[in-house]
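the sequence and its predicted three-dimensional model are supplied below.
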Amino acid sequence: MMESGIINILVDISLMTLLGITAIGIVRSRNLFATAMLSGIYSLISAAVFVTLDAVDVAFTEAAVGAGISTVLMLGAMTLTRRSEKHAIKLHIGPLFVTIGIGAALIYGTVDMPPFGSTDAPGFQHIVPEYIAGSRDDIQVPNIVTSILASYRGFDTLGETAVIFAAGIGVLFLLGRRREDEEADESSNSGKGEDA
Amino acid sequence: MRHHLILRVVSKLLIPFILLYALYVQFHGDFGPGGGFQAGVIFAAAFVLYALIFGVQAARRAFPDSWLAILIPLGVLIFAGTGIASLLLGGTFLDYDVLASTPTGGQHLGILVVEFGVGVTVTAVMIAIFFAYAGRTHEIQDDDW
């Protein structure tokens, strides 16, 4: 028991160190290609952190979306713009103090948080015991995350799906079918002249 | 990147397994980790990989834009339609108990159908967003990096 505790702590420390190094690399790098790849690496390490917290579903999403699709989209967007960030970094004292103040307040806030995995945590008090018992007895689905997402919180998930739908429609309106339109415009323009 | 022999062979080998794994995550989501959202992203990632290696035009032939226009709303309609079906069968909106002969069976069926709807919309939206971005640039040459 002690052995596994020490191993867990070592794994946590090394993952957090890697996260910190990657974050510093993202901040310091002026090359956008390196920044995009580093943020993909950051997502992959975050996924490993979620696995150590037993949040496998979240880790799954983080690895697929954060490290996979969004890195590719970032690279795709980068081909439309410059490869390196402009050198315009000055030291702003005000924002620095605001950031340090908020960071200190957040760290101070963690002092009162219940220990990890504690069943007395407020998050586990209100309605969660009912969900857990219901998943076991009524729905009989081993993955409680799925039963909460799809059944207990079905309205939320329907809303999330509608948000993804809206995002897709929005991107299609802004960016989609641009090529064919332009080609059509060009061909019609060349035929009719510039009367439009 | 068509002339990278190793990338081409490895990705051709991997893509069927990525698609199969996405289907596993989709339909096994109530027993293991995963569900419609993750499955949709993994399924779309297979097409993104295909587009990166073989070009966006080839990927567009494999997954035409007309499918996207159907699949993006279809997933939401499957989800909302499940809710309306449970309304018509005498339950409340998205109450899966009434969908089958037993409440537990109804819950299983409802979760499976609803997750499938999520997966369909997520797959189509992810591919559509990727195509929309990638379609704006010329093919990326190796020297561009």
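Received the coordinates, thanks. Numbers count the residues shown, from 1 in each chain, chains lettered A, B, ... in the order given.

count of residues packed around the nearest residue to residue B:62 once chain neighbours are set aside?
For residue B:62, ignoring the flanking residues on the chain, the nearest one in space by Cβ to Cβ, 6 or more residues apart in numbering or on different chains is residue B:50 at 6.5 Å. Heads up, the C-betas are built off the backbone N, CA and C, glycines and all. When neighbours are counted by other Cβ atoms under 10 Å in any protein chain shown, residue B:50 registers 19.

show the contacting residues for the residue nearest the centre of chain A.
Centroid check for chain A by Cα atoms, centre = their mean gives residue A:66 as the closest residue, at 5.4 Å. By Cβ atoms under 8 Å, 6 or more residues apart in numbering or on different chains, residue A:66 lies in contact with A:39-40, A:42-44, A:46-47.

ok, now with 6 Å
residue A:43 (Cβ atoms under 6 Å, 6 or more residues apart in numbering or on different chains).

which pLDDT value goes with it?
The confidence metric pLDDT takes the value 86 at residue A:66.

what about residue B:111, neighbour count?
Neighbours of residue B:111 under the rule other Cβ under 10 Å: 25.

hmm, it is touching residue A:150, no?
Yes - between residue B:111 and residue A:150 there is a contact at 4.3 Å, judged by Cβ atoms under 6 Å.

list phi and psi for residue A:31.
When read as degrees, to the nearest 10, the backbone of residue A:31 gives phi -90, psi 120.

where does residue A:61 fall, secondary structure wise?
Per DSSP states H and E, residue A:61 falls inside helix A:56-61.

and stretch B:90-105, what's buried?
Judged by neighbour count (16 or more other Cβ atoms under 10 Å in any protein chain shown), stretch B:90-105 contains these buried residues: B:91, B:94-99, B:103-104.

looking at those, which is nearest residue B:118?
residue B:94 (12.9 Å; Cβ to Cβ).

quick one: secondary structure of that closest one?
Secondary structure assignment for residue B:94 (DSSP: H, G, I helix; E, B strand; the rest coil): coil.

for chain B, which residue gets nearest to chain A?
With Cβ to the nearest Cβ, the shortest gap between chain B and chain A falls at residue B:125, namely 3.3 Å.

can you read off the pLDDT for the residue lying closest to that residue once chain neighbours are set aside?
Leaving out its chain neighbours, the residue that sits closest to residue B:125 by Cβ to Cβ, 6+ apart is residue A:168, at 3.3 Å. We have a pLDDT of 89 for residue A:168.

so what's residue A:168 up against?
Counting by Cβ under 6 Å, 6+ apart, residue A:168 has contacts B:72, B:125, B:128.

repeat that with 8 Å
B:72, B:121, B:124-125, B:128-129.

look up how far residue A:65 lies from it.
14 Å (Cβ to Cβ, to the nearest Å).

separation between residue A:147 and residue B:111?
On the measure of Cβ to Cβ, residue A:147 and residue B:111 end up 7 Å apart.

find residues that contact each of the two.
A:139, A:141, B:30.

could these go into CSV alongside neighbour count?
Shown next, in CSV, are the shared contacts of residue A:147 and residue B:111 (neighbours: other Cβ atoms under 10 Å in any protein chain shown):
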residue, neighbour count
A:139, 26
A:141, 22
B:30, 24
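
which of the residues you listed lies closest to residue A:161?
Ranked by distance to residue A:161 (Cβ to Cβ), these are led by residue B:30 at 17.2 Å.

so is the closest one in a helix, a strand, or just coil?
Per three-state DSSP, residue B:30 ends up coil.

pretty sure residue B:107 is touching residue A:154, no?
No - if you go by Cβ atoms under 8 Å, residue B:107 and residue A:154 don't touch, sitting 10.6 Å apart.

looking at the two, which one has more neighbours?
A direct count of neighbours by other Cβ under 10 Å for residue B:107 and residue A:154 places residue B:107 higher, at 25 against 22.

need phi/psi at that one.
Main-chain dihedrals, residue B:107, degrees, to the nearest 10: phi -60, psi -40.
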